[in-house]
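Peer 1: following is a predicted model, sequence given first.
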Amino acid sequence: MRVLVVGSGGREHALVWSIAASPLATEIYCAPGNAGIAEDAICVPIQATDVDGLVSFAQKERIDLVVIGPEAALAAGLADALEAEGLLAFGPSAKATEIESSKGFMKDLCARIGVPTAAYKRFDDREKAAAYVRDEGAPIVVKADGLAAGKGVVVAQTVEEALKAIDACFDGSFGDAGAEVVIEECLVGDEVSFFALVDGQDALPFSSAQDHKRAFDGDIGPNTGGMGAYSPAPMMTEEMTETVMSEIIRPVVEAMKDDGRPFKGILFAGLMMTDSGPKVIEFNARFGDPETQAILPRLRSDFLPALVVAAEGGLKHFDLRWKTESCLTVVMAAKGYPGSYEKGSIIRNIEAANAIKGVTVFHAGTVQADDNILSAGGRVLAVTGEGQELKDARDLAYSGIESIDWPEGFWRKDIGHRALK
Ligand code: AMP
Ligand code: GLY
């Protein structure tokens, strides 16, 4: 099969790496890719949201399957445009992507079909939103409705803080994404990222992970895209997986089909494990980053057929096998991330980390310049360890990191602490 993976992050490197292990893959392209992806795929300089450019490339190269990584490409209608030309795409239509790109849509859907989620109200008026917050008191959660790269959510500990977040949305901090706000009850518990493959009709569990969103050790500092993750999430027993599938995933898949916007691809539920059971914090229409870098090395089955079956239909009669090992990934980021940071510093000895048995280095923001690998983004590498126990996986990931020489980078030293305490 000729496969095109769209995106350039650590998630896409893990997708390419996993597809490259399939005996069915004859040629793999990635648009636009990065320096690590270039070792497993042919990188082509087309941006992930260049829908026309990607469609014509896929036609010209007779691509059998396009695997779409980032939400921006999905929201831009890449899957729709590919399918209109008769090309097979892994990833939902723009309409189905609204489950991620519109928090209001997602909340209304959950409320209508009784999927457990935080109590909420939607506002397009600043004064009414403020009055509601004053009535409800803190803690309370304020969210910009649209896609804001993970930065549109404030878990406010005081009414003051919530009012500031409302102002930020209506003052245009998030552009159009903040024209409407959703205000929610603050849920308490441990967070789990749960994934399911979906073919429009049926859903198959695709493992779980826990990520660390805050920049610094001890879960403090600003929110980031994710600084590390481990898989599986210890709370996701077989029984809990079945609860999540039957109370959350299957009802949502069913409702989206009935609404004429069937969901195909990977459905990512961000869950809060509360005292009264799992509740949905958010849905994403794509794989997680860095969760994918901790999940895919655990997959024993061939990944490529799973993607094809989800895209074509037929998951009902499909199954996947997983290793019993755990994986843990640690993100190496440029100093200053998620604020401003420098690009272009040299990263050395990645091959020494990759040479350790049980360690895989996934690239995110990297470029190759002559013989050097240079940093080219905020999150730059994700170093994954695989071990019998989670602590073995952690020790391997950190020995990988110790081998890498990158003075301009930083990383959290405590990934996995909640599960290992
Ligand atoms: P989101 O972008 O919706 O994933 O939100 C980012 C983060 O904010 C989540 O990972 C949670 O840690 C936190 N969060 C969002 N909604 C809630 C909520 N209703 N209660 C508590 N924490 C929340
Ligand atoms: N790591 C969280 C996400 O991919 O949204």
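Peer 2: Received, thanks. Here the structure is a predicted model, which means the values were calculated and not measured. Ligands and ions are numbered 1, 2, ... in the order given.

Peer 1: off-centre distance for stretch 107-123?
Peer 2: 22 Å (C-alpha atoms, centre = their mean, to the nearest Å).

Peer 1: how about it: buried residues?
Peer 2: Of all the residues in stretch 107-123, those buried under the rule 16 or more other C-beta atoms under 10 Å are 107, 109-110, 115-118, 120, 122-123. Glycine gets a C-beta too; all of them are placed from N, C-alpha and C.

Peer 1: next to ligand 2, which bits of this structure? Give me the list.
Peer 2: Within the chain, the residues that sit near ligand 2 (C-beta under 6 Å from any ligand atom) are 211, 226, 284, 288-289, 291.

Peer 1: hmm, try it at 5 Å
Peer 2: Counting by C-beta under 5 Å from any ligand atom, the positions of the chain adjacent to ligand 2 are 211, 226, 288-289.

Peer 1: coming back round to it: can you add secondary structure and give the buried residues of stretch 107-123 back as CSV?
Peer 2: Supplementary listing: these in CSV, determined by DSSP: H, G, I helix; E, B strand; the rest coil:
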residue, secondary structure
107, helix
109, helix
110, helix
115, coil
116, coil
117, strand
118, coil
120, strand
122, strand
123, strand
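
Peer 1: any idea which of the residues you listed is closest to ligand 1?
Peer 2: Within the buried residues of stretch 107-123, proximity to ligand 1 (C-beta to the nearest ligand atom) peaks at residue 118, which comes in at 3.7 Å.

Peer 1: find me the pLDDT at that closest one, would you?
Peer 2: The confidence metric pLDDT takes the value 94 at residue 118.

Peer 1: also residue 80?
Peer 2: 98.

Peer 1: residue 59 too?
Peer 2: Per-residue confidence at residue 59 stands at 98 (pLDDT).

Peer 1: among the residues of the chain next to ligand 2, who's most crowded?
Peer 2: Using other C-beta atoms under 10 Å as the neighbour definition, the residues of the chain next to ligand 2 reach their maximum at residue 289, which records 27 neighbours.

Peer 1: which non-adjacent residue is nearest that residue?
Peer 2: The shortest distance from residue 289 to any non-neighbouring residue, by C-beta to C-beta, 6 or more residues apart in numbering, is to residue 11 (3.8 Å).

Peer 1: now the strands for the stretch 201-350 of the chain?
Peer 2: Counting by DSSP state E, counting those that start in this stretch, the stretch 201-350 of the chain forms strands over residues 203-211, 214-216, 220-223, 228-231, 264-274, 277-284, 326-334, 346-347, given from the N-terminal end onward.

Peer 1: now residue 168: which helix or strand?
Peer 2: Per DSSP states H and E, residue 168 falls inside helix 159-170.

Peer 1: do that helix and ligand 1 meet?
Peer 2: No. In this structure, helix 159-170 remains apart from ligand 1 according to C-beta under 5 Å from any ligand atom; the gap is never smaller than 11.6 Å.

Peer 1: would you mind listing the outside residues contacting that helix?
Peer 2: Among residues not part of helix 159-170, those counted as contacts by C-beta atoms under 8 Å, 6 or more residues apart in numbering are 126, 129-130, 133-134, 137-138, 140, 142, 144, 152, 154, 156, 174, 178-179, 181, 183.
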